[in-house]
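[1] just the structure for this:
(chains A and B)
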2 protein chains.
Amino acid sequence: MKIYRYPTKDTWKDLVKRPVLEQKEISGLITEIFAEVAKNGDKALIEFNRKFDKAETLTIKVSDVEIQEAGKQINDELKQAIQEAKENISIFHASQKQEIQKIETTKGVVCWRENRAVERVGIYIPGGTAPLFSTVLMLAVPANLAGCKEIILCTPPDKNGNINPAILYAAKLCGVSEIFKTGGAQAVAAMTFGTESIPAVNKIFGPGNQFVVAAKEYAQRFGVAIDMPAGPSEVLVIADDQAVPEFCAADLLSQAEHGSDSQVVFITTDLKVFEETVEAVDKQIRDLPRNEFAGQALENSSFILMNSLDDALEFSNLYAPEHLILAVSNFERYIPEVQNAGSVFLGNYSCESAGDYASGTNHTLPTNAYAKNYSGVSLDSFVKKITFQHLSKEGLQNLGKTIELMAEAEGLFAHKNAVSIRLK
Amino acid sequence: MKIYRYPTKDTWKDLVKRPVLEQKEISGLITEIFAEVAKNGDKALIEFNRKFDKAETLTIKVSDVEIQEAGKQINDELKQAIQEAKENISIFHASQKQEIQKIETTKGVVCWRENRAVERVGIYIPGGTAPLFSTVLMLAVPANLAGCKEIILCTPPDKNGNINPAILYAAKLCGVSEIFKTGGAQAVAAMTFGTESIPAVNKIFGPGNQFVVAAKEYAQRFGVAIDMPAGPSEVLVIADDQAVPEFCAADLLSQAEHGSDSQVVFITTDLKVFEETVEAVDKQIRDLPRNEFAGQALENSSFILMNSLDDALEFSNLYAPEHLILAVSNFERYIPEVQNAGSVFLGNYSCESAGDYASGTNHTLPTNAYAKNYSGVSLDSFVKKITFQHLSKEGLQNLGKTIELMAEAEGLFAHKNAVSIRLK
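    Model (predicted):
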């Protein structure tokens, strides 16, 4: 870990920089994969499963039998946990629904917005070291609440051609319409163009490795939307003298275990908390099964002593963390100072894991300083807000002159005429 | 214009296709311009003004004196019109503010969202054939309402190095912080990287030619967000037997005059309205100053006779128009059927010009079928919605087991430990 004691503000610009990730040149490969999927559809996906995932898959679509079998493999305790998480996510995302509010801006001129679901959405769930069924909940629950007509899910098969049962169980529970065994850039291509099995979607959600991220970026050229740009996961913890070093260390490590590229920043105003947190990290990491990832991530992490919490917040806004933990006693006082962050956890008992799984907030959040200009996934991510307006004859009489003057000043006389001809 | 009488549904897929625009290979040029601006800042911009806009500009920033002078050149009638439009846009966009709503998802677990303005936003306003000061209102008014700290505007100078006074006047009136004389891809590059005069921004808004569109797309690689992908402007008009052919024709032409690539679709269920609208278009176009553009746009336009309004709506959803005019008597009945559209205009007196200028809705809308997956610009476009959560000790006790079970099932033991260590 990198330790900074009271760094002066002129050095912050460098401290908030994310390490530059080694970018392999993969754009050529992405283009090829897209072309292949566009041309050969399911056949290409089956071949890519063989090539990239070492899996023999006769069909791409997961069968009802497979989904039923998956349900039997999940024990009741986990089922209940998933159910509770689903309920909290539902409650919080349902609260984001807005009533239609009709506004009369000028007498006879009424404007409003109505939500319409994005009709077809695709969810990508990575395979790999951790079966992220929690991400299924985070994406399928709001998609369902929003009223998306088709919610499909793609995830790579394991070497036996199977999908992790918890992913299948969560998908079924949360109303995913169809599940497909395909991963990587080819899954994104399939959701973009459609294949014999997989319908083309309007918007693609979900995390993934650099191939998936690059493919989602590329897919946008074909009219598909994506949830947001992606980067490695991050947490920034701000602690005062009331913070509990063991808790801070546990939060930092829970971020660090995601992967060797995870970003971890710890800031405190208290020397004792600083030293004890460093110690606690060293101690707790030993028992972690994923301590190799965590150790690599910690090498790039920053532990910073600062003079004041106001400074810490200023630094945090410059960094714009995906997750911000305010382990400070009077956190209410600092909430208005939070300008750039994905999701904020307040006090000593709001660990990031709560939001990662079950408190109700969404865990699909902007990383890599995108919290400066993007929001995390919410119900809004699954709808379009369409504006409507109705002008009565009187309304147009009241507003007509204004429209005519402005259209004329812009040199757009047909725009003006659309009013004039009605007022004649 | 292309005329289709009762086309069968199997042909719709082709009818909703936008004409493929001739795409010049400009990515090399965009890359060069970005590199030049990154390296030479203002100096590069002054040189590009000379090269692309034939303008000598000693300084990039518009002076206070220039802004004051511009105010004198706008007559009081237009000033009043701009003021009225600004008020309506303010009223409608202010109504989009949401109260903070704290939700207790589990006893002791409270979650909510708070809005924070995107700190620095950049507005691009094209030069060219029409001085689009209305777009200044549409972008600066919500930026200001959202609380953006810096709102800058870039627009190309004319050959005398000046900016259209209406643009300057509107910018000043709507709280734009600084205005800069630079256009095209170089303006987008300047807002992305910053120069000596121009601050780097977090998000870039506004329309432009193919260079600006390509530059906005390219800018995203450097962490900047953009309002939405862009394409030529469009209107789809659906008319029943109560529609007024002269009004329909005027609306179609007000779209067509934007440019030769504008998209115009007319659908009616009534043969008389169909024939009279075609006639009215032919008649009205003659008197338009921009009839060359309009004529070219009409060549690609579709005039379609259909059996029912339900069919017309189904077609419209497949096309996903930027603007949809429902010139039908019982439009309320069809509102729920509208699934994909940017902005909808209801009845015989709601002309598109009203929304383009002054009713209060935003005119920055998704084109090119992006209405299937994007919303138009709104107050939301200028804020991030940050989630907050507070778990009391009791809250974590209530939810802890669920989090632990899920984290363990995902193989993320540090995530589990962040809970366990707190519950010990």
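[2] distance check, A:Thr31 against chain B.
    14 Å (C-beta to the nearest C-beta, to the nearest Å). No exception for glycine: its C-beta is placed from N, CA and C like everyone else's.
[3] just give me the residue closest to the centre of chain A.
    Against the mean C-alpha coordinate of chain A, by C-alpha atoms, centre = their mean, the closest residue is A:Thr364 at 2.4 Å.
[4] quick one, helices of the stretch 251-400 of chain A?
    For the stretch 251-400 of chain A, the helices defined by DSSP state H, counting those that start in this stretch occupy A:271-285, A:291-299, A:309-319, A:352-357, A:393-409.
[5] equivalent analysis for the stretch 51-200 of chain A, please.
    A:64-73, A:76-94, A:133-146, A:165-173, A:184-193.
[6] can you find the helix or strand in chain A with the smallest mean pLDDT?
    Ranked by mean pLDDT, DSSP states H and E, the weakest helix or strand in chain A is helix A:291-299, scoring a mean of 87.
[7] that one near chain B at all?
    Yes: residues of helix A:291-299 contacting chain B under C-beta under 8 Å from any C-beta of the partner chain: A:Ala294.
[8] in that helix, what's buried?
    By neighbour count on 16 or more other C-beta atoms under 10 Å in any protein chain shown, the buried set for helix A:291-299 is A:Asn291, A:Phe293, A:Ala294, A:Gly295, A:Ala297, A:Leu298.
[9] which residues does that helix contact?
    If you take C-beta atoms under 8 Å, 6 or more residues apart in numbering or on different chains as the criterion, helix A:291-299 is touched by A:1, A:252-253, A:255-264, A:281, A:285, A:288, B:414.
[10] among those, name the buried ones.
    By 16+ other C-beta under 10 Å, these give A:1, A:252-253, A:255-259, A:261-264, A:281, A:285, A:288, B:414 as buried.
[11] quick one: check stretch A:240-257 for contact with chain B.
    Yes: in terms of C-beta under 8 Å from any C-beta, part of stretch A:240-257 sits within range of chain B, namely A:Glu246, A:Phe247, A:Ala250, A:Asp251, A:Leu253, A:Ser254, A:Ala256, A:Glu257.
[12] now do the least confident helix or strand of chain A against helix A:271-285, angle only.
    150 degrees (axes from the mean of the first three to the mean of the last three C-alpha atoms, to 10 degrees).
[13] residues from the stretch 151-300 of chain A in reach of chain B?
    A:166, A:202-203, A:220, A:223-225, A:229, A:246-247, A:250-251, A:253-254, A:256-258, A:284, A:288-290, A:294.
[14] now with 7 Å, please.
    A:166, A:202-203, A:223, A:225, A:246-247, A:250-251, A:253-254, A:257, A:284, A:288-290, A:294 (C-beta under 7 Å from any C-beta of the partner chain).
[15] strands - which of the residues you listed land there?
    When those are checked against strands (DSSP state E), the matches are A:Lys203, A:Ala225.
[16] put the buried members of the residues of the stretch 151-300 of chain A next to chain B into a ChimeraX selection.
    Selection of buried members from these for ChimeraX, criterion 16+ other C-beta under 10 Å:
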select /A:166,202,203,223,225,246,247,250,251,253,254,257,284,288,290,294
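[17] how about the helices of the stretch 51-200 of chain A in TSV, adding mean pLDDT and distance to B:Asn40?
    Output for those, formatted as TSV (pLDDT from 0 to 100; distance: least, C-beta to C-beta, whole Å):
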stretch	mean pLDDT	distance to B:Asn40
helix A:64-73	96	59
helix A:76-94	98	48
helix A:133-146	98	44
helix A:165-173	97	51
helix A:184-193	98	37
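[18] any chance of these in a markdown table, plus distance to A:Glu332?
    Listed next are those as a markdown table, based on distance: least, C-beta to C-beta, whole Å:
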| stretch | distance to A:Glu332 |
| --- | --- |
| helix A:64-73 | 44 |
| helix A:76-94 | 20 |
| helix A:133-146 | 27 |
| helix A:165-173 | 35 |
| helix A:184-193 | 42 |
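[19] nearest to B:Ala341, of those?
    helix A:133-146 (17.1 Å; C-beta to C-beta).
[20] residues in contact with the closest one?
    Residues outside helix A:133-146 that contact it (C-beta atoms under 7 Å, 6 or more residues apart in numbering or on different chains) are A:85-86, A:89-90, A:93-94, A:117, A:121, A:123, A:125, A:151, A:153, A:166-167, A:170-171, A:174-176, A:205-207, A:356-357, A:362-364, A:377-379, A:381-383, B:406, B:410.
[21] domain assignment for chain A?
    The record, using automatic domain parsing to delimit domains, assigns chain A the ranges A:2-18+A:232-360, A:23-98+A:116-226, A:392-423.
[22] quick one on the thing from earlier: so which of the buried ones among the contacts of helix A:291-299 is the closest to A:Thr105?
    A:Gln263 (45.3 Å).
[23] count of neighbours near A:Ser197?
    Other residues near A:Ser197 number 17, with proximity taken as other C-beta atoms under 10 Å in any protein chain shown.
[24] where does the stretch 101-250 of chain A have low pLDDT?
    A:129 (pLDDT under 70).
[25] surely A:Gly127 is in contact with A:Asn162?
    No: using C-beta atoms under 7 Å, A:Gly127 is not in contact with A:Asn162; the gap is 10.6 Å.
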